[in-house]
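Q: Provide a 3D model corresponding to the input given below.
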Amino acid sequence: MIKKITPFTITAAAAVLFVASHFVAAVLLYKERLFLDSTYYFFHVLNEESFRIEHQRIILALSQCLLLAGVKMHLSTTALLKVYSVTPVIYTAILIFITIVYFKSEAGAWLIILCNTCGVYFLYFSPMYEVCYAVTTLGFLWVLTERRFYQTPVQAFIYLVLLMVALLGYPLIAFGCIFIPAYHYLTGGKKLPFQLVAMYAFAFAVWLAMKFFFISDYEKSKISIAPAEYPGIIKALFSPQFFVSAVKYLTLHYKENMLAAAVFVAIATRGKRYGFIALQLISIAAFVWIVNFGYRADGLIHSNNFERMYLLLVPLCFAPLLLIAYPGMATWSKTLLVACLFGVGCYKSLGLWQHSSYYTQRLQMLSDFKDNYAKDGCTKLAADLASFAPELDEWSTGMEMLIYSSERGKGCIVSDKPMVEKLNQLHAGDNNYFIIRLDEVMKRSELNPRYFNLDTSAYCFVSKK
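A: Next comes the predicted model:
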């Protein structure tokens, strides 16, 4: 029996366990996993009964396709929330299945699993984020490249589509895409097939054209740095203090990624494969530098926002170890590595489950907040959210309340008090208008009555009880 246990069988069992456990968790935590941007897109897909694609990020369609199908079938809000929650698990499961069954690659399967566990903490509770799908797709692209799945016209078409989807998923993914052909160049005897070069040249040309001619105001604001700031930012990024802070940050929050990179460097050093060592170190250092350049050397904070950017570290650190070093390992070394990865996957998944208690508590606070005032006949609440618990002071709180309350038949929404005061001045107290998020105003007639029911009562100005 022991002889039958191989790295491949361990991986196959781990893949089944990962998919099954994460699917069940997604169903059980379907309300907890509606947070921030997930709330925004869920609301608009239901309300408009169409895809909501912004900033040319076509990968958003992957997170919305099953949801939109459910909307067209007139499923209940509860059913749609569950469908929305399990969609990323289904997408990941499909890629894992193809990787194991078609490509017979346990290393590739682990890369995809790790893209959904390592580096994911806050992101797990807003699973529609483009970067989650983009990084998973990037990991799969890396598998396709190493298996040379780009040689026939059909393969090239599939590869190019996935490459474009990844590139148009999140701006930083372009950085990760650069290193796929770079590593492939070294593994292929320092040469690249023409069809691969042509696909990357075409994909990047289209991506650059779209970002140059059609860039959204949102993305412009993300990269708007005055040239006068460049010297100060560069000086800060090359200071010893920043280097020490970056090492501490990565060691504390991305220890599994850094350990994987260190193991790969050790293996490459032993084999005197110095080009691979240089690529590994350059990819990590340049990536951290780019992230922090955009945030003026302030990008070493563990938060939902920065976690989105640092998620790319997973394929950058694990892909070389799994797809380049792993095939040449002895069987016992492969078994040991796979066993370690199994432990990492279980440990990180357990951490996600434990972290869900914060969002469960937040849901209860949201329900209590609504019930405290809805019993007085207030369905539209104006409150100074900053004076309440920090868990309620989120820009998606009002939309979440509307979704969850409409799920039970009677809509209720909360908005920040200063914005409601401006709304009343702008529309002369017309109660048909309400604030859906931040300063975004909607009219009651714009709501889809199939899913949302909000009356025309006036806003109630409430304070902390």
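Q: For the one helix or strand residue 83 maps to, give me every contacting residue.
A: Counting by DSSP states H and E, the element that carries residue 83 is helix 77-97. Surrounding helix 77-97, the residues in contact under the criterion C-beta atoms under 8 Å, 6 or more residues apart in numbering are 15, 18-19, 22-23, 26-27, 29-31, 33-34, 38, 42, 46, 62-63, 65-67, 70-71, 75, 109, 112-113, 116, 127-128, 132-133, 136-137, 139-140, 403, 406-407, 451. Just so you know, the C-beta spots here come from the backbone N, C-alpha and C atoms, and that holds for glycine as well.
Q: buried set for that helix?
A: By neighbour count with 16 or more other C-beta atoms under 10 Å, helix 77-97 contains the buried residues 77, 80-89, 91-93, 95-96.
Q: for the record, mean pLDDT for it?
A: What helix 77-97 shows for mean pLDDT is 96.
Q: Which element, helix or strand, includes residue 39?
A: Per DSSP H and E, residue 39 falls inside helix 37-48.
Q: contacting residues around residue 427?
A: With C-beta under 8 Å, 6+ apart as the criterion, the residues that contact residue 427 are residue 433.
Q: What are the phi and psi values at it?
A: With angles defined as degrees, to the nearest 10, residue 427 shows backbone torsions of phi -110, psi 20.
Q: Check it and give its pLDDT.
A: In the predicted model, residue 427 carries a pLDDT score of 87.
Q: State the number of residues packed around the residue lying closest to residue 386 once chain neighbours are set aside.
A: Setting aside the residues directly before and after it, residue 386 is nearest to residue 393 in space (C-beta to C-beta, 6 or more residues apart in numbering), at 5.4 Å. Under the neighbour criterion other C-beta atoms under 10 Å, residue 393 is assigned a count of 14.
Q: go on, residue 389?
A: Residue neighbour count, defined by other C-beta under 10 Å, stands at 13 for residue 389.
Q: re earlier: CA atoms only: put the helix holding residue 39 into CSV for me.
A: As requested, C-alpha coordinates have been extracted for helix 37-48 and formatted as CSV (Å, rounded to 0.1, in the frame of the first residue of the first chain):
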residue,chain,number,x,y,z
ASP,A,37,-16.3,45.1,-4.8
SER,A,38,-18.2,41.8,-4.7
THR,A,39,-21.2,43.6,-3.4
TYR,A,40,-21.0,46.3,-6.1
TYR,A,41,-20.9,43.9,-9.0
PHE,A,42,-23.4,41.5,-7.5
PHE,A,43,-25.9,44.4,-7.1
HIS,A,44,-25.4,45.7,-10.7
VAL,A,45,-25.7,42.3,-12.4
LEU,A,46,-29.0,41.7,-10.5
ASN,A,47,-30.3,45.2,-11.1
GLU,A,48,-29.4,45.5,-14.8
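Q: what's that helix packed up against?
A: If you count contacts as 3 or more C-beta pairs under 8 Å, 6 or more residues apart in numbering; DSSP states H and E, helix 37-48 packs onto helix 60-72, helix 77-97, helix 397-407.
Q: So what's the gap between that helix and the chain middle?
A: Here the centre of helix 37-48 is set off from its chain's centre by 16 Å, with C-alpha atoms, centre = their mean, to the nearest Å.
Q: Stretch 351-367 now?
A: Averaging C-alpha coordinates over stretch 351-367 and over its chain gives two centres that are 19 Å apart (C-alpha atoms, centre = their mean).
Q: what's the answer for stretch 227-239, then?
A: Taking mean C-alpha positions (C-alpha atoms, centre = their mean), stretch 227-239 and its chain are 29 Å apart.
Q: Give the rounded mean pLDDT of that stretch.
A: The pLDDT scores in stretch 227-239 average 90.
Q: Now it - C-alpha only, CSV.
A: As requested, C-alpha coordinates have been extracted for stretch 227-239 and formatted as CSV (Å, rounded to 0.1, in the frame of the first residue of the first chain):
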residue,chain,number,x,y,z
PRO,A,227,7.3,63.8,-12.1
ALA,A,228,8.5,66.1,-9.4
GLU,A,229,7.8,63.3,-6.9
TYR,A,230,10.0,60.8,-8.7
PRO,A,231,13.4,61.6,-7.1
GLY,A,232,12.0,61.4,-3.5
ILE,A,233,10.2,58.1,-4.2
ILE,A,234,13.2,56.6,-5.9
LYS,A,235,15.5,57.7,-3.0
ALA,A,236,13.1,56.1,-0.5
LEU,A,237,12.9,52.9,-2.4
PHE,A,238,16.7,52.5,-2.6
SER,A,239,17.2,53.3,1.1
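Q: picking up where we left off before, out of the contacts of helix 77-97, which are buried?
A: Neighbour-count burial within the contacts of helix 77-97 applies to 15, 18-19, 22-23, 26, 29-31, 33-34, 38, 42, 46, 62-63, 66-67, 70-71, 75, 109, 112-113, 116, 127-128, 132-133, 136-137, 139-140, 403, 406-407, 451; the criterion is 16+ other C-beta under 10 Å.
Q: quick one: the residue nearest to residue 386 from residue 416, how far?
A: With the distance defined as C-beta to C-beta, to the nearest Å, residue 393 ends up 9 Å from residue 416.
Q: again with residue 326
A: Computed with C-beta to C-beta, the distance linking residue 326 and residue 416 is 51 Å.
Q: same deal with residue 35?
A: Distance from residue 35 to residue 416, counting by C-beta to C-beta: 18 Å.
Q: Same check on residue 327?
A: As for residue 327, its distance to residue 416 is 55 Å (criterion: C-beta to C-beta).
Q: other SSEs contacting the regular element (helix or strand) spanning residue 14?
A: Residue 14 is located in helix 7-28, with elements delineated by DSSP H and E. Under the contact definition 3+ C-beta pairs under 8 Å, 6+ apart, helix 7-28 sits against helix 77-97, helix 106-115, helix 331-374.
Q: Put together CSV for those helices, with distance to residue 318 on each row.
A: Written out in CSV, the entries for these read as follows (distance: least, C-beta to C-beta, whole Å):
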stretch, distance to residue 318
helix 77-97, 15
helix 106-115, 5
helix 331-374, 9
